[in-house]
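Trainee: Starting from these lines, generate the structure:
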Amino acid sequence: MEVFGWVIVAIIIGIPLLGVLLYNKLVSLRNQVKNAWRQIDVQLKRRHDLIPNLVEVVKDYMSYEQETLEKVIQARNQAVSASTPEAAIAAEGILGGAMGKLFALMENYPDLKANENVSRLMEELSATENKISFSRQFYNDSVMSLNNAVESFPSNFVAGMFGFSQATYFEVPETEALTPKVDLR
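Mentor: Presented below is the predicted three-dimensional model:
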């Protein structure tokens, strides 16, 4: 009878302790996803700041391409005003497509290739895109960890009781994956 009593005590203490540990793990993973998004957000803001400068520099050269320039600025403004990661991911996909069209058109203007300001801005944009890519990878790794914990047994019980849900991956939109490379040398 004594062993049975210890088993009952272990169960009474063990189950709540396991629940607390799983809850804390889920909180930690959710906070890691939020932090990873903030890292992406920093780089996206940098990108958003560079785009108007690039458009301003190229608009004199590309006087016949005003519609493309307006679409880039409109897409940039939508991306800036996105208030959730999901909205930002969608807006960034549109912006990536608009920037791809701009880069493709820039190839038709040899004077742009020789412009120092355009070269400098393109270098900064390229560096920022690389940082976004690394930040996106860390974010998606964090999302995967959270989503695994939300779906896995037994943490899925704790996740369900306390309203933890899966996060959204930051996937590269197809238009961005097909963006042509521009060489301004």
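Trainee: what about the longest helix in this structure?
Mentor: The helix that spans the most residues within the chain, counting by DSSP state H, is helix 2-59.
Trainee: Report all helices and strands that it contacts.
Mentor: Packed against helix 2-59 by the contact rule (3 or more CB pairs under 8 Å, 6 or more residues apart in numbering; DSSP states H and E) you find helix 66-81, helix 85-106, helix 116-151, helix 155-162. (C-beta placed from N, C-alpha, C; glycine too.)
Trainee: Give me the neighbour count for Asn108.
Mentor: Neighbour count of Asn108, defined by other CB atoms under 10 Å: 11.
Trainee: Distance of it relative to Asn24?
Mentor: Applying CB to CB, to the nearest Å, the value for Asn108 to Asn24 is 57 Å.
Trainee: do the same with Thr84
Mentor: When distances are taken as CB to CB, Thr84 and Asn24 turn out to be 25 Å apart.
Trainee: coming back round to it: okay if I get the helices and strands packed on helix 2-59 as TSV plus distance to Ile12 and mean pLDDT?
Mentor: Converted to TSV, the helices and strands packed on helix 2-59 look like this (distance: least, CB to CB, whole Å; pLDDT from 0 to 100):
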stretch	distance to Ile12	mean pLDDT
helix 66-81	52	93
helix 85-106	40	90
helix 116-151	25	94
helix 155-162	17	95
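Trainee: winner for burial among the ones you listed?
Mentor: Greatest average neighbour count among these goes to helix 85-106 (a mean of 19), per mean count of other CB atoms under 10 Å.
Trainee: Return the helix or strand following that one as PDB; C-alpha atoms alone will do.
Mentor: Past helix 85-106, further along toward the C-terminus, the next helix or strand under DSSP states H and E is helix 110-114. Extracted in PDB, the C-alpha atoms of helix 110-114 (Å, rounded to 0.1, in the frame of the first residue of the first chain):
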ATOM      1  CA  PRO A 110      23.000  52.200 -69.800                       C
ATOM      2  CA  ASP A 111      23.500  55.600 -68.100                       C
ATOM      3  CA  LEU A 112      22.000  54.100 -64.900                       C
ATOM      4  CA  LYS A 113      24.800  51.500 -64.800                       C
ATOM      5  CA  ALA A 114      27.400  54.300 -64.700                       C
END
